[in-house]
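Trainee: Give me a model of this one.
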Amino acid sequence: MKPKKEQNIVHVVSHPLVQHKLTLMRDIHCSTQNFRTLMNEIGMFLCYEVTRDLPVRHSDIVTPITPMSAPVMAGKKLVFAPILRAGLGFLEGMLQLVPSARVAHVGLYRNPETLEAVEYYFKAPSDLRDRLVIVLDPMLATGHSAIAAVDHLKKQGASDIRFACLLAAPEGLANMQACHPDVTIWTAAIDEKLNEHGYIVPGLGDAGDRMYGTK
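Mentor: Below is the predicted model of the structure:
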């Protein structure tokens, strides 16, 4: 009998600073510059939460006072996998915390009629199977883009995958649960629903357009 797949867990990062910054981003009057800065800052907070259980080993060092055995990260480093283009908004903040991480790029766009994800670019390190991969996308709406990204990463050998987003809709969470029950999710908020156009309600609009000023 095959072992049952682990059911994914959803972590809501409820830290007051995260929630405050998210509220500023939701406001229609938030400028492109401020939106981009806030996305970067929340990305750092999310990175802290997603990586809080990384394995460590002890290394012998010498402080100015005495020798000691101190913890350092064990094993190979992380891979951050932003879904283009909006996922890049998280990348800089996360790389500030983990500058040695590798980066995979997953290019997807949403067909406006079917809401399905269409892939146009993929580039990743060759040793994904040996690394923890953290997929980055501000919005988990229908879940189609996230599912497609994880599908492709798994085909390339990734087996330890986590997902970080700014907002999630119940529909997107349910779809991810059905397709990838082994992927744990971190989000700053779970909103009410999707509207008829596939946007999260109350949401914050199109994260990519607001971040790059292309609306």
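Trainee: Just the C-alpha atoms of the helix ranked longest in the chain, please, in PDB.
Mentor: Using DSSP state H to define each element, the chain has its longest helix at helix 32-50. What follows is helix 32-50 as a C-alpha-only set of coordinates in PDB (Å, rounded to 0.1, in the frame of the first residue of the first chain):
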ATOM      1  CA  THR A  32       3.200  52.300  -7.200                       C
ATOM      2  CA  GLN A  33       6.400  53.000  -5.200                       C
ATOM      3  CA  ASN A  34       4.800  52.400  -1.800                       C
ATOM      4  CA  PHE A  35       3.100  49.200  -3.100                       C
ATOM      5  CA  ARG A  36       6.400  47.900  -4.300                       C
ATOM      6  CA  THR A  37       8.200  48.800  -1.100                       C
ATOM      7  CA  LEU A  38       5.500  47.200   1.100                       C
ATOM      8  CA  MET A  39       5.500  44.000  -1.100                       C
ATOM      9  CA  ASN A  40       9.300  43.700  -0.500                       C
ATOM     10  CA  GLU A  41       8.900  44.200   3.300                       C
ATOM     11  CA  ILE A  42       6.100  41.700   3.600                       C
ATOM     12  CA  GLY A  43       8.200  39.300   1.600                       C
ATOM     13  CA  MET A  44      10.900  39.500   4.300                       C
ATOM     14  CA  PHE A  45       8.400  38.600   7.000                       C
ATOM     15  CA  LEU A  46       7.000  35.700   5.000                       C
ATOM     16  CA  CYS A  47      10.500  34.400   4.400                       C
ATOM     17  CA  TYR A  48      11.100  34.400   8.100                       C
ATOM     18  CA  GLU A  49       8.000  32.400   8.700                       C
ATOM     19  CA  VAL A  50       8.400  29.900   5.900                       C
END
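Trainee: Other residues contacting that helix?
Mentor: Here helix 32-50 makes contact (Cβ atoms under 8 Å, 6 or more residues apart in numbering) with 11, 13, 15, 17-18, 21-22, 24-25, 30, 89-94, 96-98, 134, 136, 138, 162, 164, 166, 186, 188, 207, 210-213. (C-beta placed from N, C-alpha, C; glycine too.)
Trainee: what's next to stretch 188-203, contact-wise?
Mentor: Outside stretch 188-203, the residues touching it (Cβ under 8 Å, 6+ apart) are 10, 12-13, 18-19, 22, 26, 42, 46, 110, 115, 139, 141-142, 165-173, 205-206.
Trainee: Average pLDDT for that stretch, rounded please.
Mentor: For stretch 188-203, the mean pLDDT works out to 93.
Trainee: how about low-confidence regions in the protein?
Mentor: For the chain, the stretches with pLDDT under 70 are 1-7, 115.
Trainee: What is the burial count for residue 117?
Mentor: 20 (other Cβ atoms under 10 Å).
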